[in-house]
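Engineer: return a 3D structure for these sequence lines:
(2 chains, ligands or ions: 2)
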Amino acid sequence: MGSSTSSAPVVHLDSPAEIPPEDRLHARSHPMRWVTGALVLVVLGFLVLSFARGQIDWGVVRGFLTAQKILSGFAQTILISVLAMLIGIALGTCFAVMRLSANPVVSTIAWLYVWLFRGTPVLLQLMMWFNLSLIFPTLGVPGLFQAQTINVVTPFVAALLGLGINEGAYLTEVIRGGILSVDAGQTEAASALGLSRRTALAKVVLPQAMPAIIPPIGNEAIGMLKTSSLAATISYTEILTNAQQIYYVNGKVMELLIVAAFWYLVATSVTSVGQYYLERRFHRSAVRRRSAADQIVTAALARLRRAAR
Amino acid sequence: MSAMVRIENVHKSFGGLRVLRGVSASCERSEVVCLIGRSGSGKSTLLRCVNHLEKPDAGRITVDGELIGYEDRGGRLVERRERDIERQRRDVGMVFQRFNLFPHLTAAENIALAPRRLRGLGKAEARELAVGALERVGLADKRDSYARHLSGGQQQRVAIARALAMEPKVLLFDEPTSALDPELVGEVLGVMRAVAEQGMTMLVVTHELRFAREVASQVLFMEDGVIVEAGPPGEVLARPRHERTRAFVSSVFR
Ligand SMILES: Nc1ncnc2c1ncn2[C@@H]1O[C@H](COP(=O)(O)OP(=O)(O)OP(=O)(O)O)[C@@H](O)[C@H]1O
Ligand SMILES: [Mg+2]
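Structural biologist: Ligands and ions are numbered 1, 2, ... in the order given. The predicted structure follows:
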C-alpha cells in the first residue's frame, strides 16, 4: 500500500447505524440491469399486445377453461404423471442401488435396463406397450391365471408402464449420481458400526444424496407433465386429446391449445413451488443465489401465510 | 493367556502392490497398542483388516478368540456371510482421521443410530444412551448440534462417543488427531487417555509419540508392510534397536 492512502480509523461500534456516512462502504451499482430490464418489458408488452389484438376469441378460451371435458382431461394428465413419476422413482432407486452392487450380474441387469429404456424414444415404447397383444395375445402364469392382453393392457396401463419405466431409466442415473456424490467415508463409518448395507443406504447415504437428487427429479416431474401428452397417441384421454377432440368439432384450434397451455402452466408452476420447498428442506445449510421472480414469489407467499393467520 | 486382538501372519496386496507382508501382533484385554510408521507403510490397511473393511489375502485375525471375516469350512477359510461380518463389526469400534460424522444428523442422533438399529433400543432409550456417551467425552451440551457447528476436536470426540456407545470390545483409531489444528489435539488425546483408563482395549495408529510413550503398553513400528520393531514404549521410542526405527523416531521428535 502506498503512503498516499490514509488508513481507515479503527473504531468499535455497537451498530451499523453509528457508522458515519463518509466511512460507509457502498455496493456497486448496476445501471445495465435497469436498461436490459426495461428492454425486456418493452418486448413483453409488445408480445402481449399482439396476442390481445390477434384473431383469438378470448371468450372461447374463457368458456372452455373450466369445461368439464378439459378439467377431466387435466385430471387424467395429473393422474398419469404422478403415478408414472412414482413408478419412476421406485424403479430408479432400485436400479441405482443395483448398478452400484458388487455383484456383477446385478449391476449388469441394471445397466441393461438403462441402456434399453433410455436408448429408445418414449413414444416408441408407449406404442410397443399398447400393441403388446400383437405378440402376446394372452398374459398370465400357466395354470394360475390367464387373461386377454387387450383387457389388461388398457391405454391407461400402457401409458403408465411406458412413461413410468422410461422415467425409471433416467432416474436410475440421477439417483446413482446422487449416491456417488456422498463421501465414501460415510458408508465406511456406517459399516464400521456394524450397520447393514441397506440401513447405511437408507439412513446415511440417501438422505445426504437428496440435495443432489431433488432438483433433477423436479425437472423430470415437470418434463413428465408435458411428456404425458404423448399418451394421446395410444388413445389415453388426457387434456391434449380432449382439447383436440373439441377443436375438431368447433374449429377453435388456437383457443383450445391456449386452454391446454394454461393448465400445463398451472401444473408445472405448482410443481416448481413444491420443488423449491423440497430443495430448501434438504439443503438447510446452503446459501443459494435466487432469481428476482423467485424472491417475489416467496415474499408473496410469506405475506399470504401471515395474512391467513 | 487369550489376547483380545490377535493378528497372525497377515498379507494384503492392492493389485501388484504388497502392502502387508506377514504382519503378526497381539493386544491383551485393556491394553493400549500404538502403531507408528511412515506414510504408506500399511498402518491403515492393517487396522482396516481388523474390522474387515479390508479383506486380507492370507493370515488370520481374531477378536476375543473369534476369527474375523472368515470361517472354517472343512479346513478351508471362507469369507463369512455379510450378516456375520456386520455382527462382528459391532464389537470393533473405529475412529477415523476425518471423523466421518453423519452430517445430516445431530451429535446425539449420530450416536443413537447404530444402537437403535442394532441393539433394539427404543427412541428414548437410545437418546439417553447417546447423551450418556456424550457426557463421557464432555460434550453433553452439544447433543443437538450438527457436525458443521462443532470444531474438529469436538467432532472427533463425538465420533469417539459414537464408537463407545456400541460397547465394543476393541476400539481402533486411525490417526485420530492428524486432521486437527494443533490446539485441538490435546482435548482428543485427553478423551482417549480417559477411555484407556476405563479399561478399553485400543489399537491406535498415531504420530503423537508423546501419547504413545505415556499411554501405550506396547509400540509397534511398521515399515514396508512388516513390523520392524515391537516392545514397550520405553524401549522402542527411547532406545530403538533398529536403524530405521531410530531414524523415524528422531525425525518425528526432531
Ligand atoms: N484401496 C486401495 N487401493 C490401492 N492401493 C491402496 C489402497 N489403500 C491403500 N493403498 C496403498 O497401500 C499403501 C499403504 O497404505 P496405508 O493407507 O495402509 O498406509 P499408512 O501407513 O496408513 O499411511 P498414512 O500414514 O499415509 O495413512 C499405500 O501405498 C497406499 O497407496
Ligand atoms: Mg493411514
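Engineer: packing partners for the longest helix along chain B?
Structural biologist: Longest helix in chain B by number of residues, with DSSP state H as the criterion: helix B:182-197. Counting contacts by 3 or more Cβ pairs under 8 Å, 6 or more residues apart in numbering or on different chains; DSSP states H and E, helix B:182-197 packs against helix B:152-164, strand B:201-205, helix B:209-215. All C-beta atoms are positioned from the backbone trio N, CA, C, and that covers glycine.
Engineer: can we see that at 6 Å?
Structural biologist: helix B:152-164, helix B:209-215 (3 or more Cβ pairs under 6 Å, 6 or more residues apart in numbering or on different chains; DSSP states H and E).
Engineer: which residue ranges form the helices in chain B?
Structural biologist: Using DSSP H, helices in chain B cover B:43-50, B:82-90, B:107-118, B:123-136, B:152-164, B:182-197, B:209-215, B:233-236, B:243-253.
Engineer: by how many degrees do the second one and helix B:107-118 diverge?
Structural biologist: When axes from the mean of the first three to the mean of the last three Cα atoms, to 10 degrees is applied, the directions of helix B:82-90 and helix B:107-118 differ by 140 degrees.
Engineer: so helix B:82-90 versus helix B:43-50, what angle?
Structural biologist: 120 degrees.
Engineer: and helix B:82-90 with chain A, contact?
Structural biologist: Yes: under the criterion of Cβ under 6 Å from any Cβ of the partner chain, chain A is reached by helix B:82-90 at B:86, B:89-90.
Engineer: swap in the fifth one?
Structural biologist: No: counting by Cβ under 6 Å from any Cβ, chain A is not contacted by helix B:152-164; separation bottoms out at 7.3 Å.
Engineer: now the fourth one
Structural biologist: No: with Cβ under 6 Å from any Cβ as the criterion, chain A is not reached by helix B:123-136; the gap is at least 12.7 Å.
Engineer: which other residues reach that helix?
Structural biologist: B:108, B:111-112, B:115-116, B:140, B:143, B:161, B:164-165 (Cβ atoms under 6 Å, 6 or more residues apart in numbering or on different chains).
Engineer: pLDDT score assigned to residue 238?
Structural biologist: You didn't pick a chain, so chain A it is. Looking at residue A:238, its pLDDT stands at 92.
Engineer: nope, chain B please
Structural biologist: Confidence at residue B:238, expressed as pLDDT, is 91.
Engineer: that one and residue B:227, how far apart?
Structural biologist: Residue B:238 sits 18 Å away from residue B:227, going by Cβ to Cβ, to the nearest Å.
Engineer: ditto for residue A:55
Structural biologist: Separation of residue A:55 from residue B:227 (Cβ to Cβ): 90 Å.
Engineer: same drill for these two, tell me which one is more crowded.
Structural biologist: Legend: neighbour count by other Cβ atoms under 10 Å in any protein chain shown for residue A:55 and residue B:227, higher for residue B:227 (20 against 5).
Engineer: which ones are touching residue B:49?
Structural biologist: Counting by Cβ under 6 Å, 6+ apart, residue B:49 has contacts B:10, B:56.
Engineer: state the pLDDT value of it.
Structural biologist: 97.
Engineer: any idea how far it is from residue B:29?
Structural biologist: Remark: distance between residue B:49 and residue B:29 (Cβ to Cβ) = 20 Å.
Engineer: centroid residue for chain B?
Structural biologist: residue B:172 (1.1 Å; Cα atoms, centre = their mean).
Engineer: so it bridges to which residues?
Structural biologist: residue B:94, residue B:203 (DSSP bridges).
Engineer: if I look at it, how far off is ligand 1?
Structural biologist: 12 Å (Cβ to the nearest ligand atom, to the nearest Å).
Engineer: tell me which element residue A:71 is part of?
Structural biologist: In the assignment (DSSP states H and E), residue A:71 maps to helix A:68-99.
Engineer: mind listing what's buried in that helix?
Structural biologist: With burial defined by 16 or more other Cβ atoms under 10 Å in any protein chain shown, the residues of helix A:68-99 counted as buried are A:70, A:73-74, A:76-78, A:80-81, A:83-85, A:87-89, A:91-99.
Engineer: hmm, back to that, kindly reformat the contacts of helix B:123-136 as TSV containing distance to residue A:27.
Structural biologist: Converted to TSV, the contacts of helix B:123-136 look like this (distance: Cβ to Cβ, whole Å):
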residue	distance to residue A:27
B:108	42
B:111	45
B:112	46
B:115	51
B:116	49
B:140	44
B:143	41
B:161	45
B:164	51
B:165	49
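Engineer: pull the most distant pair out of those residues.
Structural biologist: Spatial extent of the contacts of helix B:123-136 (Cβ to Cβ) is set by the pair B:116 and B:140 at 18.9 Å.
Engineer: more neighbours, those two?
Structural biologist: Using other Cβ under 10 Å as the criterion, residue B:116 and residue B:140 rank with residue B:116 on top: 19 against 16.
Engineer: now that one, nearest residue through space, not along the chain?
Structural biologist: residue B:126 (4.2 Å; Cβ to Cβ, 6 or more residues apart in numbering or on different chains).
Engineer: let me know the pLDDT of the closest residue to chain A within the stretch 151-254 of chain B.
Structural biologist: Going by Cβ to the nearest Cβ, chain A is nearest to residue B:166 of the stretch 151-254 of chain B, at 6.2 Å. On pLDDT, residue B:166 comes in at 95.
Engineer: same check on residue A:289?
Structural biologist: Note on residue A:289: pLDDT of 52.
Engineer: can you check residue A:307 too?
Structural biologist: 79.
Engineer: the residue of the stretch 1-150 of chain A found nearest ligand 1: which element?
Structural biologist: Closest residue of the stretch 1-150 of chain A to ligand 1, Cβ to the nearest ligand atom: residue A:102 (14.2 Å). Applying DSSP H and E as the criterion places residue A:102 outside every helix and strand.
Engineer: ramachandran angles for it?
Structural biologist: phi -80, psi -20 (degrees, to the nearest 10).
Engineer: returning to what we had before: what average pLDDT does the helix holding residue A:71 get?
Structural biologist: 96.
Engineer: ok, now stretch A:57-64?
Structural biologist: Per-residue scores along stretch A:57-64 average to 91.
Engineer: likewise stretch A:124-132?
Structural biologist: 94.
Engineer: need phi/psi at residue B:178.
Structural biologist: Residue torsions, per degrees, to the nearest 10, at residue B:178 are phi -70, psi -20.
Engineer: that one contacts residue B:97, correct?
Structural biologist: Yes: using Cβ atoms under 6 Å, residue B:178 is in contact with residue B:97, at 5.2 Å.
Engineer: more crowded one of the two?
Structural biologist: Taking neighbours as other Cβ under 10 Å, residue B:178 and residue B:97 compare with residue B:97 leading, 17 against 13.
Engineer: not counting sequence-adjacent ones, nearest residue to residue B:7?
Structural biologist: residue B:25 (4.7 Å).
Engineer: shaky segments in chain A?
Structural biologist: A:1-17, A:283-294 (pLDDT under 70).
Engineer: give the buried residues for the helix or strand hosting residue A:240.
Structural biologist: Using DSSP H and E, residue A:240 sits in helix A:239-250. If you call a residue buried by 16+ other Cβ under 10 Å, then helix A:239-250 has these buried ones: A:239-243, A:246-247.
Engineer: is the following helix or strand past it up against chain B anywhere?
Structural biologist: Downstream of helix A:239-250, the first helix or strand assigned by DSSP H and E is helix A:253-282. No: applying Cβ under 6 Å from any Cβ, one finds helix A:253-282 out of contact with chain B, separated by at least 8.7 Å.
Engineer: show me what helix A:253-282 is packed against.
Structural biologist: Using 3+ Cβ pairs under 6 Å, 6+ apart: helix A:253-282 touches helix A:58-65, helix A:206-227, helix A:239-250.
Engineer: could I get those as JSON lines with distance to residue A:176?
Structural biologist: What follows is the helices and strands packed on helix A:253-282, written out as JSON lines (distance: least, Cβ to Cβ, whole Å):
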{"stretch": "helix A:58-65", "distance to residue A:176": "42"}
{"stretch": "helix A:206-227", "distance to residue A:176": "9"}
{"stretch": "helix A:239-250", "distance to residue A:176": "33"}
